[in-house]
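1. pasting the sequence and the predicted coordinates here, then a few questions.
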Amino acid sequence: MKKEQKQILAAAVALFAHKGIKGVSVDEIVRSCDLPKRSFYVYFDGKESLVHTIICHWIEKSEKYLSLNSYVASNAISELNNFFQSMESIAHYIQPVFFQELRKYYTTSWEYLESFREASLIPFLVLNINRGLKEEIYRHNTNSLLAAKIYFAHLEMVLDEGCMPGVTPDKILHEINTFLLHGLVNLRGMKLIYEKTMT
């Protein structure tokens with residue numbers, strides 16, 4: 001990827017994250033990275049192709065992260081906490097309006113994101129739960145697929161700006177994550193969580 005294209009993508013992500021997609025013009029994007037407008041159209045047909053490129057890059061990076069996380073985490077709890085931290089940092093940085101507008105106006109990119117959830121995120125969580133069961137730190141009677149689907153259904157609350165006025169999306173997500181983790185672990189797992197918080 002060329003330097004100018006990287007600059008445009010970085011500028012667009014920063015602007016979209018705070019103002020949403022519709023509230024940001026191509027002019028504003030190129031102005032923020034001090035490039036002529038024609039540079040934008042060398043790499044992108046328009047804002048829709050820019051948005052799709054952003055989503056594709058995000059998914060590609062996320063796939064690599066999920067794969068690496070499974071190897072570096074010492075146990076299922078550590079793996080899940082790493083995942084939660086990455087999700088919470090996204091929720092802290094990107095305002096819900098970005099995802100709302102993505103779903104409403106950029107359906108191809110939204111569907112691609114949804115397919116990533118179904119093909120990668122839910123299976124990641126299922127594998128994590130199965131790992132925790134094998135390590136005997138999660139409750140033995142946990143339905144891994146159902147628990148994963150319930151978790152991602154709850155994430156809809158994070159995208160709804162009006163559901164909890166005055167509470168930031170990352171705070172809502174943190175509580176959802178805490179509920180899931182504490183609902184998954186058995187006494188042995190709870191001891192691991194307690195030991196981690198004490199160190």
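-> It's in.

2. domain boundaries for the protein, per the record?
-> Segmentation of the chain into domains, based on automatic domain parsing, reads 1-44, 54-198.

3. center of the protein - which residue?
-> residue 87 (4.6 Å; Cα atoms, centre = their mean).

4. and the contacts of the helix or strand harbouring that one?
-> Residue 87 belongs to helix 76-93 when assigned by DSSP states H and E. With contact meaning Cβ atoms under 8 Å, 6 or more residues apart in numbering, helix 76-93 is reached by 17, 65-66, 69-70, 72-73, 124-125, 128-129, 131-132, 135, 137-138, 158, 168-170, 172-174, 177, 180-181, 184-185, 189, 192-193, 196. All C-beta spots, glycine's among them, are computed from the backbone N, C-alpha and C.

5. tell me what the helix ranked longest in the chain is packed against?
-> The helix spanning the most residues in the chain, taking DSSP state H as the definition, is helix 47-72. When contacts are defined as 3 or more Cβ pairs under 8 Å, 6 or more residues apart in numbering; DSSP states H and E, helix 47-72 packs onto helix 3-19, helix 76-93, helix 107-116, helix 122-134.

6. if we can go back for a sec, in the helix holding residue 87, what's buried?
-> Within helix 76-93, the residues that count as buried by 16 or more other Cβ atoms under 10 Å are 76-77, 79-84, 87-88, 90-91.

7. next helix or strand past the helix or strand of the chain with the lowest mean pLDDT?
-> The helix or strand of the chain with the poorest confidence is helix 156-159; it has a mean of 81 (mean pLDDT, DSSP states H and E). Once helix 156-159 ends, the next helix or strand along the chain (criterion: DSSP H and E) is helix 169-184.

8. the inter-axis angle of that following helix versus helix 122-134?
-> Taking axes from the mean of the first three to the mean of the last three Cα atoms, to 10 degrees, one finds helix 169-184 and helix 122-134 inclined to each other by 40 degrees.

9. per-residue confidence averaged over the helix or strand that helix 169-184 is followed by?
-> Downstream of helix 169-184, the next assigned helix or strand under DSSP H and E is helix 187-198. Averaging pLDDT along helix 187-198 gives 86.

10. any idea how far the nearest residue to residue 66 once chain neighbours are set aside lies from residue 84?
-> Among residues not flanking residue 66 along the chain, residue 124 sits closest, at 5.0 Å (Cβ to Cβ, 6 or more residues apart in numbering). Distance of residue 124 to residue 84, computed by Cβ to Cβ, to the nearest Å: 12 Å.

11. tell me how far the helix holding residue 87 lies from the chain's centre.
-> When C-alpha coordinates are averaged (Cα atoms, centre = their mean, to the nearest Å), helix 76-93 and its chain have centres 9 Å apart.

12. may I have the helix or strand following it exported as CSV, CA atoms only?
-> Using DSSP H and E, the helix or strand that follows helix 76-93 in sequence is helix 96-105. The C-alpha trace of helix 96-105 is given here as CSV (Å, rounded to 0.1, in the frame of the first residue of the first chain):
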residue,chain,number,x,y,z
PRO,A,96,-21.7,4.1,17.9
VAL,A,97,-22.8,6.4,15.0
PHE,A,98,-20.1,4.9,12.8
PHE,A,99,-21.6,1.4,13.1
GLN,A,100,-25.2,2.7,12.9
GLU,A,101,-24.4,4.5,9.6
LEU,A,102,-22.4,1.6,8.3
ARG,A,103,-25.5,-0.7,8.8
LYS,A,104,-27.9,1.9,7.3
TYR,A,105,-26.0,3.3,4.3
